[in-house]
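In: Below is the structure, and that's it, no one-letter string:
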């Protein structure tokens, strides 16, 4: 199939907007499935994990391909819950276009804003689908208004509804000047009803006016009051969408099979092919300032990006890769420039949700799974051995919730270690560590639900009965001022001793994170020992100083030192670097950093005062208050994660169950000296 006829798209939205149901209907109408799977009864094709079936939500992104009007559409369905936002992030990195799904009742919600921001980060062209138009309270034009005000999306309706809520019967297509009426799986294409012709005319004029800003030919026809051909409108709309100038908006109700076929048409008409996206660019591995280009052609050197890893009980370790250029054959050897390692591709699989198909080769635009990767991790580049380059990596948000985990038998201890290693490989937002003082295992993730799913997977997939403690905050440590430390390590044991001497200065570095600067002059410390000092510093940062939390945002300047011709060694300087760093850190006004969460709370107006008071008690701050439909209010605020455990129950009590909220990670911020002391005393 021609690369021009390939669409790599993602579906993303706020939780419960219905994107998995949209995907299921797309698979049905394209003939990929013969039976419609429903999320609520655990039969959705794309929600195949046991945890997804039980909870009725999407947890892991799933990929599948289907065909529509002689085009191949590769679909990635992503989670809507904030705890699994890393799944959205890494899929945004590899898709070419996005279908953003919105609930016609809920409109633009906080996770919608986060998804939109992720798409902005990778400059992904997108179209919008306003779902659940048949629900009571649906308001198409309010959603359009919110898309414009909250997301700066420049939304342009390419469909308008015939009725809303219980009266929703179908849609009007202003470009073609037709109406589409629905009756179950059947649809009737007819002329626009007389009472809606003026509305259709206004909608078409809106499309023309929007596109006239970007297309001189349409502008000329518009100013001359001449008819604008439909094909010219579609071509101009496609160009404007690909340049992120407009967002075409469609509508319907996936659950009742309305609007999906027109959405499929919109995907083909307005979202890009790999050819439209064009070449990718990557850094030279030896000289980052030099950039290499890879065209989406089979004749270009091979390159691809690993964006997801899973462990499958049938085929083992799988690495999902988006192919950008060249040809990848089964059995080939490729290069991982980030790890400086060669990898052999034992098998190539095309993925269809939980099904898989062996193929001999993969080409530009393909999303495939590779078997045999030993060193490759999420965000790594794979490329031609003789033409290496490094593609842009994937942004990974920090883990903010921790939980102690233990097992009761030595046999389970070994199985737990194996399970945690595999889960950490799959999920870059999940981490684990061993507290060296207590020898306890601590796992961390994006939220309470994320941790809960991890615990469930440990038991169901790895047969380990693990006991989890109460979730806690994943604090970090940093410094507030400069300080200098000096350590001289001099031990003599009769034979060869240990000698190392370091002087270093620590500085707060909240913008750039960790930096190590070598200011050694005149060979007071040989160059060979400098990396050992840096390694010792990094080990100390992982262990922490105040309370075994990771240390961040510190600049270390190595100023001076000395060595011994016989007694100095790599290990001596590594140990000296660690001790010296801890000494300087203790003098530099050390403090804890806590994660701050951005909340969006939707509430009836009568509960606003009580909710604001509760936010204040939780050390929160109000960012804004916006009145939405029906006299309700949306409160945007920041609350420290430490104060949010159990918030769902409290909000339910305050509002008699009528308020809802969403939250996302915003930033790490320093605790006051008093609160730092309280946290340390409570550990």
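Out: Structure's in. What do you need? The structure displayed is predicted, hence computed values, not measured ones.
In: Please make it C-alpha for all contacts and neighbour counts, starting now.
Out: Will do.
In: Would you point out the helix or strand in this structure whose mean pLDDT is lowest?
Out: Of all helical and strand segments in the chain, the minimum by mean pLDDT, DSSP states H and E falls on helix 50-55, at a mean of 40.
In: residue ranges with poor pLDDT in the protein?
Out: Within the chain, the stretches with pLDDT under 70 are 1, 34-62, 77-85, 110, 313, 352-355, 493-495, 629-630.
In: Spatially central, which residue of it would that be?
Out: In the chain, the residue lying closest to the centroid (CA atoms, centre = their mean) is residue 89, at 2.0 Å.
In: Now tell me what touches stretch 150-166 from outside.
Out: The set of residues external to stretch 150-166 that reach it, using CA atoms under 8 Å, 6 or more residues apart in numbering, is 108, 113, 116, 133-140, 144, 147-148, 168-175, 200, 203, 206-207, 210, 245-252.
In: And it, end to end?
Out: One end of stretch 150-166 sits 27 Å from the other (CA to CA, to the nearest Å).
In: Stretch 484-500 now?
Out: Criterion CA to CA; first-to-last residue distance in stretch 484-500 is 17 Å.
In: can you give me how far the strand or helix carrying residue 101 is from the chain middle?
Out: Assigned by DSSP states H and E, residue 101 belongs to strand 97-103. Taking the mean of its C-alpha atoms, strand 97-103 sits 15 Å from the chain's own mean (CA atoms, centre = their mean, to the nearest Å).
In: Show me what it is packed up against.
Out: strand 6-13, helix 110-121, strand 126-131 (3 or more CA pairs under 8 Å, 6 or more residues apart in numbering; DSSP states H and E).
In: would you turn these into a markdown table with distance to residue 600?
Out: As requested, these are exported to a markdown table (distance: least, CA to CA, whole Å):
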| stretch | distance to residue 600 |
| --- | --- |
| strand 6-13 | 15 |
| helix 110-121 | 6 |
| strand 126-131 | 21 |
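In: got the angle for the strand holding residue 101 vs helix 110-121?
Out: Counting by axes from the mean of the first three to the mean of the last three CA atoms, to 10 degrees, strand 97-103 lies at 170 degrees to helix 110-121.
In: Which positions in stretch 115-123 come out as buried?
Out: Across stretch 115-123, burial judged by 16 or more other CA atoms under 10 Å covers 115-116, 118-119, 123.
In: in what helix or strand does the nearest residue to residue 558 once chain neighbours are set aside lie?
Out: Take residue 558 and drop its neighbours on the chain: the residue closest to it by CA to CA, 6 or more residues apart in numbering is residue 504, 4.4 Å away. Assigned by DSSP H and E, residue 504 belongs to strand 498-508.
In: Partner strands of that strand, with direction?
Out: Paired neighbours of strand 498-508 in the sheet (DSSP bridges): strand 483-491 (antiparallel), strand 554-562 (antiparallel).
In: Pipe those into TSV and attach distance to residue 362 and mean neighbour count per row.
Out: Below are the strands paired with strand 498-508 laid out as TSV (distance: least, CA to CA, whole Å; neighbours: other CA atoms under 10 Å):
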stretch	distance to residue 362	mean neighbour count
strand 483-491	55	18
strand 554-562	44	20
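In: how about those in TSV, adding distance to residue 99?
Out: Formatted as TSV, these follow (distance: least, CA to CA, whole Å):
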stretch	distance to residue 99
strand 483-491	51
strand 554-562	40
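In: right, so of the ones you listed, which gets closest to residue 618?
Out: Nearest to residue 618 among the strands paired with strand 498-508 is strand 554-562 (29.0 Å), distances taken as CA to CA.
In: For the very next helix or strand once past the closest one, what is the distance to the chain centroid?
Out: Going down the chain from strand 554-562, the next helix or strand is helix 570-587, by DSSP H and E. With CA atoms, centre = their mean as the basis, helix 570-587 stands 36 Å off its chain's centre.
In: cool, stretch 2-15 as well?
Out: In terms of CA atoms, centre = their mean, the centre of stretch 2-15 is found 16 Å from the chain centre.
In: now do stretch 321-335
Out: With CA atoms, centre = their mean, you get 25 Å for stretch 321-335.
In: how about it: buried residues?
Out: Within stretch 321-335, the residues that count as buried by 16+ other CA under 10 Å are 321-330, 333-335.
In: which SSE is residue 522 in?
Out: Assigned by DSSP H and E, residue 522 belongs to no helix or strand.
In: just residue 33 next, same as before
Out: Going by DSSP H and E, residue 33 is not in any helix or strand.
In: and what of residue 517?
Out: For residue 517, the element it lies in under DSSP H and E is strand 515-518.
In: And residue 627, how close does it get to residue 603?
Out: Per CA to CA, residue 627 is found 10 Å from residue 603.
In: Which of these two has more residues huddled nearby?
Out: In this view residue 627 and residue 603 are compared by other CA atoms under 10 Å, and residue 603 has more residues nearby, 23 against 14.
In: For the more buried one, give its distance to residue 135.
Out: Note on residue 603: its distance to residue 135, by CA to CA, is 20 Å.
In: and if you look at residue 531?
Out: From residue 531 across to residue 135, the span is 62 Å (CA to CA).
In: Can you tell me the element residue 418 falls in?
Out: Per DSSP H and E, residue 418 falls inside helix 410-426.
In: tell me the contacts of residue 598?
Out: 636-639, 663-666.
In: What sits closest to it if chain neighbours are left out?
Out: Nearest residue to residue 598, sequence neighbours excluded (CA to CA, 6+ apart): residue 638, at 4.6 Å.
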